[in-house]
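1. Sequence plus predicted model, see below.
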Amino acid sequence: MTPRWIDAVLSSRITEVAARILLTFPFWGSGLAKLLDFSGGMAEMSHFGLEPAWFFNTLTVIVQLGGSALIIANRWTWLGAGALGVFTFLTIPIVHNFWSLDGERAVVAFHTATEHVGMIGALVLVSVLALRPRRTATHERELDYAIGTGA
C-alpha cells in the first residue's frame, strides 16, 4: 500500500505539471536554442546533411516547441508525444548511427540511442496517462488534507 503522503504528492496537479515540464526539457531547451541561434541550428542541420538547412531547422523548432507545449498543457498529448517520438526515433539513424562509427564515438552514440529509446517509451507513457480520467476532486481534497495542505 502506498503511504498517503506519497499518494498525495503523486496525485498533485503540481507534480504532474512539473513532471511534464521535466520530461519535455530536452526538447523545448533544444527548440529554444535553435530558435534563438537560428544560424547555429542551420549549421547543425547542414552538419548532418539535412538540406535545405533553414527548412529542417524550422521544422525541428516547430516539432520540439509545439510538441512540448502540447504535452505540458495536457492537450492533444498524443499528438505532441507522437511528433516528439517520431522526431526522437529519426535522430538515431541520422545523428546517433553507432553502427557506422568506431571506438569511443560508437560507444557514446550507442548510449545516446538507447537513452532515446527510453525517452520514446516515456512519451508513449505520458500519452497513456493523459487518456486516464483524473481522480475525483473529493479524492484530491482528502489527499491534500492528509498532507496538511487542505482547509
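-> Received the coordinates, thanks.
2. need the contact list for residue 38.
-> Residue 38 makes contact with 54, 57, according to CB atoms under 8 Å, 6 or more residues apart in numbering. Quick note: C-beta positions are derived from backbone N, CA and C, even for glycine.
3. Which single helix of the protein contains the most residues?
-> Looking across the chain with DSSP state H, the single longest helix is helix 103-131.
4. how about the helices of the chain, start to end?
-> Going by DSSP H, the chain shows helices at 4-11, 13-36, 38-47, 53-73, 77-94, 103-131, 137-146.
5. who's in contact with the fifth one?
-> To tie it back to what came earlier, the one meant is helix 77-94. For helix 77-94, using CB under 8 Å, 6+ apart, the contacting residues are 24, 27, 48-50, 60, 63-64, 66-71, 113, 116-117, 119-120, 123-124, 126-127, 130-131.
6. Could I get the average pLDDT for that helix?
-> Helix 77-94 shows a mean pLDDT of 97.
7. Name the residues of that helix that come out as buried.
-> Neighbour-count burial for helix 77-94, counted by 16 or more other CB atoms under 10 Å, picks out 77-78, 80-85, 87-89, 91-92.
8. That helix versus helix 13-36: what angle between them?
-> 50 degrees (axes from the mean of the first three to the mean of the last three CA atoms, to 10 degrees).
9. again, but for the fourth one
-> Note on geometry: by the same axes, to 10 degrees, helix 53-73 and helix 13-36 are set 170 degrees apart in direction.
10. Check the first one too.
-> Per the same axes, to 10 degrees, the angle that helix 4-11 makes with helix 13-36 is 40 degrees.
11. What does residue 3 show for phi and psi?
-> phi -60, psi 150 (degrees, to the nearest 10).
12. nearest residue to the residue positioned nearest the centre of the chain other than its sequence neighbours?
-> Centroid check for the chain by CA atoms, centre = their mean gives residue 24 as the closest residue, at 3.1 Å. Nearest residue to residue 24, sequence neighbours excluded (CB to CB, 6 or more residues apart in numbering): residue 68, at 3.8 Å.
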